[in-house]
Every structure is written in C-alpha cells, then in structure tokens.
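Enquirer: 3D model of this:
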Amino acid sequence: MTELSRRTFLYGTGAAATMSALGTTPALAQPQTSGHRLHESILNDARMEWRTLPKNWGDSPFLANGFLGVQIYAGRTPNELKLMLSHSEVQDQRVQWEAAVGLSRLPIGYLTMTFAGAITAVDWTLDLWNAELRGTVTTAQGGAEFRMFVHNSTSTLIADTRGEVTWNFQPLESATTRTIRKPPEYTANPPWTLGAANGVSYAKQTMHAGGGYTTAWQARDGRFAAHVGYSFPQDTHTSDAIREVRHALANPKVEQHRRWWHNYYTRSLVSVPDKLVQRYYWLQLYKMASATRADAPVISEWGPWFPEQGNSWTAVWWNLNVQVSYPVINGSNHHELDAVTATLKKFESNLESNIRPEFRDGKSYAICHPGDRTLRPGPRYCGVPGVAPNDHTGNLLWAMHNVWLGYRHTMDRKVRDEVLLPILGKAVNYYARFLVEGPDGKLHLPETRSPEYANATDTTYDLSLIRWGVTTLLQYAPSDPRAPQWTDIRNRLVPYHRGDQGVLIGANVPLNDSHRHFSHMLWFYPLRELTWDDPANRDLITRTFDHWVSRRNLWAGYSYGAASSMASAMNRPEEALQFLRYFLDRNQVGTNATLTENTFYREGGNLAIESPLVSAQAVLEMLIQSHNGVVRVFPSVSSTWRDASVESLRTQGAFLVDASRSNGATDWVRVHSEAGEPLVLQHGIAGEIDVRDQFGRRLEHRQQAGGTAIKLRRGQTAIVSRKGSRPDLCARDVPANGTAPRWGLP
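Expert: Take a look at the predicted model:
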C-alpha cells in the first residue's frame, strides 16, 4: 500500500481531509459540531497528543467508560501495538482470603495490532470532546490509520482502521498480582480456553469460585470490536461478550456515544489563563468519567486500567484513596459520577462484615481496606481502638463525608435520609462503644493509628471524624433516640492535643517527620470544623499547616493537591498555585513519585490515579468555595491569573455559579438556586452593586457578616454586577498568559 505520512492524520481539517481521501466508514464519520462551540473549542485545546510511541501504563492513551478500560502502547515486537484490556467488575470471588487476594481484581489480557513492517513513527490524538483516539502508524512497509473508542453505553471497544492490520488477543493468567500476605495455598484460576462462534473469536476464563469472564473480538471490513463479559455466579459471560461484539459491528452507535460525552462536558465550564492547568483540569474530568459512574464500581487505585505488570493495589483502598478522588465531582457539577453514595447504598448490608464478629450488634458499621467493590473485606477487619493492630477505624466516617458533600451540593433528601443518616449513625456508634471517660470528665479514645504515621491515644484523625459525625447527625436528626448520646459525645469529646507546632498527631505524639498523609489536619480540610473565617482559629491553622509543609521529603502527589487546597482555604493564593504547579510540572515528589506523561501517577513500582484527581479539586478551590453557609467566588486566584471564566460550578446549598474575572477583578456573578436555600455571597466586586433576577428585576439583598445575603426562591437566579454596568453574561475561554506543552508525548 502507499505509505502514509505520519502528519496526515492531524486534528481538525487535516483529519477530515484524510478520512475523505480514504473513504469514510459509518463508524468513523468526522465528529459533528453539537452546538456547544465554546466547550468543544476548550476540549479540543486540551487534547492529548503522541508523536512518540508510548511504552507503558504511565505514558499511553487511555479510554474507558467506568467499566471497560483500554490503553495502547508498544507491543512485544517492532511491528506490534498492544491494547491492554481491563474491566472494573472483573474480580475473583474467593471469600476465604482477604479482599486484595481472594476478591482481587484480575488481569484480563491484551489485544494486538500487528502491521506488515516495523513501526517507525506515530501521530495520535486523544480527542477528549468525543472520547476517541485516532491517528496514524507509519511502518517500514507502509502505514495505517485508526479511530477507536470505548462505547459509553455498551462497554465495547470499537475501532475502524485503514491499512494492513491483523488483530489478535493474548490472555493473561487469572491470578492476583498481589504478593503481600498471599497465602501459600493460593492457586491461579483454571487456564483460559479459546473458541469461536459465528465468526467471533473468544477467550473464556472460568473461576474456581464460579462464574468467570470472556473476551470476545472480531474484525470485519475494516471495523473491529471487542467486549469483555463478566458474570458471577452465573455463567453467561461468553454469550454476553459474543452478543455485544456482533451488535457493535452491526451498529456501532457512534453518535450516541459522542452525545453522552458532549452533554457531560457542557454541564460546567472552567477557563483560566494558565493553559497547562486548564488542559490538566479538563483531562481529569475526562479521566473521572472514564473511571467511574454512579452505576459503576467505585474507583480503585488504577481506575479501570489494570497495569500489565500488576502490583499489590488490587482492590479498593478506603483509607484515603477513594475519599480524595471524588470531591471534584461536586464543584464540577457531575453527581452522575457519584459511585461512593451509590456503592454505600447498594451494598450497605456488607458493612457490618467489616468489624470483628464480637462487635456485630446490628447497630455498628465500618469499612476496612482493602475491600472489594461491594464493600467486602474478606476475613480482615477494621481495627479496635486500644487493641493492636488498630488501623482503619475512620475509613467509613471519612467516606460518609463524601456522601455529605454530595447531599450538600444537591440538597437531595433521598441521599440524606436513605444513605447519609442511616449509615453515619452506625459508623459513629462503632466509635462510641470505645470512648472512655477520663479523670478530666472528657471522653477519650484508646490507642488507634493515625494513618501512615504513628499510633496514639486521642488520635486527632479519629477525633475530628467523630466530632464531625455527631455534629452532622444532630443537625439533621435532632429527634433521633440516639441524640442524647451524640450530644454528650459532642460536648465532652476531648479537644485536640496541641503544641508549638499546632495540632499534634495525638496525645504526646508530635509530628516530627515528613508525613505525606494530612490525617491530623482533617479538622481543617476537608471537614472545615475550624475555618479561616474565624480569626480566633488562624494562629492554630497557620502553625499546623506551616509545620506540615515544612517537611516534604516523604510527601506523595496527593499531599501537594491537599496543600494547595488548604492554602486556598487560608487566603494564600500564590502558595496554592505553587503547590499545584510543582506537581503538574512533573517534579519528583518525595523519594520516588511523579505525575506521569498521561496524567496518571506512580510511586516507585506502585501505580495510581487518585493524586492527579486531588489536584483537579485544588483548581476548583481557587475558583469557588462554599462552606459555613457562604458561597465564595474567585476566593484564591493568583495575581498571575488576571482573567478567569466559570459556568455552572456547583456549591453547597445547590447553587450553580457563573462568573467572570478580567484585569484582576471580578466583573459579574450569576447564581441560580435549585433548592431555595439561604444565600450569602462573597462576590468580590468592588464598590456599589446591582442585584437583579434573570428578568432584570431588582432583588432584595443586604450586607452582613460574611458577605451579601440575597433572597432567592427555588428556581430563581441572581445576577450581581457593578452598579450601572451592563456586563456580557457569557462564558469564554480566557486568553493564555504564556505557552504550555500538551499532555501525552507531543
């Protein structure tokens, strides 16, 4: 065949011209503009590019829909590409061993694209707007073009190719890749078997515990489809996978796929002048929707993308990783991704199995880690205060704070009444049984472990979560029969132990070494029990924060995202941006960690995706905050960001906020109320203001401590602007304040 130039399949008009020259297939018709031109333009600018052949999990393109995950990189031979297949539901079911072993996620295998000659060049684009990867592969004997995506609804990989390409599949051994505490009697699942039916090839994998999973694939007339079916305890996975491949080849439903992603992106907008940050933020929104959905499993360490080499993070880590991954869905207005609330509701009955049998009274819950996607830990239990080992006691309370944030941002009473209050009450009860009265009349907590640092009595991490838990229960369920006990805990729980460095780890345990976890600072962020708004708290917050950030040699990636968010909460915007950019600039973190080229994350040989998501939340903390009943617009924007534009960012109280900043000052703010909650707004507009509704009528408002109080009914909108001005109330992509490279291997 005629050799294709590596530059012929570029983004935009060049791509359209190439496809026309090759003869467009129905699956690969050039994406159509959906009418959301601003969002499309911003997402196009955030695209990832590869001009160098990727080689592994951390530098390759990634596709997914919360279930099927795909990555493409160099294969075993010079003329081969490898497409690693993963699936967030594919796990073992051997409950006799702890979750990371017996309920472990399992490797599936990889597809191969084999070309006639050795690969000499690639030119690929990950198109975020359409959630598609497309590009060219140039070889010593010609070349080929492709476009591929994981269909949003069907969880099927669909690809169209032009050129000489041979597809195949290599299964991997069905066994946990975890080595820690792996029992000597553990054996891999039975060997896979190959077969074919109606032209569809498949690799069938059964499991010792029953059920199994099947990868089915077929290439036909330049189109290719692959699907992974999983079933337990049923044995329908093979027929399910074959059926989905046949359906995809007959009707790939491309427009349905694109329409979902277009609607997803247009639920909100963020534009800042630092285009490295802007592109990164939108990439994390793409990653979140690829990794999780409310009807999909909760995020595990790798998301849906199981690394080919595996490692020990084969389950769901509830001691920080889940909790820090999900806050970004709140401000970005994406509660359709809230798998935490959905998982806790659906699998609540498994929570009691996380505590030791002698404490199971039908009134106590906890979450151990690691666990599986259904909240089962296997024969491994949460710690008992005062009895070693005593780790993980706070995991469930912290997860419930995620649920509370979801409730506060939507004011959905079903979330409050069906998930938050029932589970939170039992999570608090687990702790309550271990509190003991000291000689000072205060309630003290026996020894627990402050995550990843040290054991202590009266551990600050646990005390802060207990205090938040009982305060929340009393706020929303004051007439509950357990309210007197909650009140007693709130009133008599021992204060945090303090020293010259601020709040300590626990009683007589200062922070003497670098500590990547911010467990001893949850009372400040994200719980916001003590806030910067009260001047009486500022000295304590400052001393605790400054001492923590003074020792960074053992920090992780998420430490920088958390530090940025805390700096924003302290009105220190330049530091907030410095912490964020240090991580985004791919500096080495700690001794062996870094952000990867494709915005994944690695710590030595361990791989994860949660740290990058924490940094996306840090961007939102600069642009919008809402706590203590106050909505804050552009509360922590660096002086280097003279312009900014946001649209439909969601806040506590179920408000949607649009705002514009130019030349270093806020131009206007628009707030829409979905629930009719009281609104106090820190708008940042200097001088006298006009406050009008969406029809131009003046709205009642008054200045009070904390900001401007505006009366808004459910469904009403307030527009705040400088008095006498006539602002253009349109979102925009603000000008760049410098150059920035693209993500990927451009």
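Enquirer: make it CA atoms for all contacts and neighbour counts henceforth
Expert: Fine.
Enquirer: for the residue nearest the centre of the chain, what are its contacts?
Expert: Closest to where the C-alpha atoms of the chain average out (Cα atoms, centre = their mean) is residue 325, at 3.8 Å. Contacts for residue 325 (Cα atoms under 8 Å, 6 or more residues apart in numbering) come out as 299, 610-611, 613-614.
Enquirer: mind redoing it with 7 Å?
Expert: Applying Cα atoms under 7 Å, 6 or more residues apart in numbering to residue 325 gives the contacts 610, 613-614.
Enquirer: what about the closest residue to residue 387 other than its chain neighbours, how many residues close to it?
Expert: Nearest residue to residue 387, sequence neighbours excluded (Cα to Cα, 6 or more residues apart in numbering): residue 447, at 7.4 Å. For residue 447, the count of nearby residues is 21 (other Cα atoms under 10 Å).
Enquirer: so what's residue 447 up against?
Expert: 385-386, 455-458.
Enquirer: which one of those residues has the most neighbours?
Expert: residue 458 (29 neighbours).
Enquirer: That one and residue 541, how far apart?
Expert: 19 Å (Cα to Cα, to the nearest Å).
Enquirer: Dump the contacts of residue 325 into a markdown table; add pLDDT as well.
Expert: Compiled in a markdown table, the contacts of residue 325 are given as follows (pLDDT from 0 to 100):
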| residue | pLDDT |
| --- | --- |
| 610 | 96 |
| 613 | 98 |
| 614 | 98 |
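Enquirer: Let's have those residues in CSV, adding secondary structure, neighbour count and distance to residue 68.
Expert: Putting the contacts of residue 325 into CSV (DSSP: H, G, I helix; E, B strand; the rest coil; neighbours: other Cα atoms under 10 Å; distance: Cα to Cα, whole Å) gives the following:
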residue, secondary structure, neighbour count, distance to residue 68
610, helix, 25, 18
613, helix, 27, 20
614, helix, 27, 23
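Enquirer: quick one: which of those residues is nearest residue 490?
Expert: Closest to residue 490 out of the contacts of residue 325 is residue 614 (30.0 Å), distances taken as Cα to Cα.
Enquirer: Can you say which helix or strand has the closest residue to the closest one other than its chain neighbours in it?
Expert: Counting by Cα to Cα, 6+ apart, residue 561 is the residue found nearest to residue 614 once chain neighbours are left out, at 5.3 Å. Residue 561 belongs to helix 557-569 when elements are defined using DSSP states H and E.
Enquirer: Please apply the same query to residue 669.
Expert: Judged by DSSP H and E, residue 669 forms part of strand 665-673.
Enquirer: Let me see the contact set for the nearest residue to residue 719 once chain neighbours are set aside.
Expert: Excluding its sequence neighbours, the residue lying closest to residue 719 (Cα to Cα, 6+ apart) is residue 670, at 4.4 Å. By Cα under 7 Å, 6+ apart, the contact set of residue 670 is 657-659, 717-720.
Enquirer: so where is this protein shaky, pLDDT-wise?
Expert: Scanning the chain for pLDDT under 70 picks out 1-35.
Enquirer: State the distance from the residue nearest to the centre of the chain to residue 647.
Expert: The gap separating residue 325 from residue 647 is 22 Å, by Cα to Cα.
Enquirer: Just give the number of residues close to the residue nearest to residue 199 when sequence neighbours are not counted.
Expert: Of all residues beyond its chain neighbours, the one nearest residue 199 is residue 218 (7.0 Å), with distances taken as Cα to Cα, 6+ apart. Counted with other Cα under 10 Å, residues neighbouring residue 218 total 21.
Enquirer: Name the strands paired with the helix or strand harbouring residue 218 and say parallel or antiparallel.
Expert: Using DSSP H and E, residue 218 maps to strand 212-220. Under the criterion DSSP bridges, strand 212-220 sits next to strand 200-206 (antiparallel), strand 223-231 (antiparallel) in its sheet.
Enquirer: Of those strands, which stretch is the most buried?
Expert: strand 223-231 (a mean of 25; mean count of other Cα atoms under 10 Å).
Enquirer: Quick one: name whatever helix or strand follows that one.
Expert: Per DSSP H and E, the first helix or strand lying C-terminal to strand 223-231 is helix 237-250.
Enquirer: relative orientation of that following helix and strand 223-231 in degrees?
Expert: 150 degrees (axes from the mean of the first three to the mean of the last three Cα atoms, to 10 degrees).
Enquirer: name the helices or strands packed onto helix 237-250?
Expert: strand 212-220, strand 223-231 (3 or more Cα pairs under 7 Å, 6 or more residues apart in numbering; DSSP states H and E).
Enquirer: Identify each buried residue in the helix or strand just after it, please.
Expert: Going down the chain from helix 237-250, the next helix or strand is helix 254-265, by DSSP H and E. In terms of neighbour count (16 or more other Cα atoms under 10 Å), helix 254-265 has its buried residues at 254, 257-258, 261-262, 264-265.
Enquirer: any idea which of the residues you listed is the one closest to residue 86?
Expert: Of the buried residues of helix 254-265, the one sitting nearest to residue 86 (Cα to Cα) turns out to be residue 257, at 19.6 Å.
Enquirer: what about the closest residue to that closest one other than its chain neighbours, distance to residue 50?
Expert: Excluding its sequence neighbours, the residue lying closest to residue 257 (Cα to Cα, 6+ apart) is residue 152, at 5.3 Å. For residue 152, the distance to residue 50 (Cα to Cα) stands at 23 Å.
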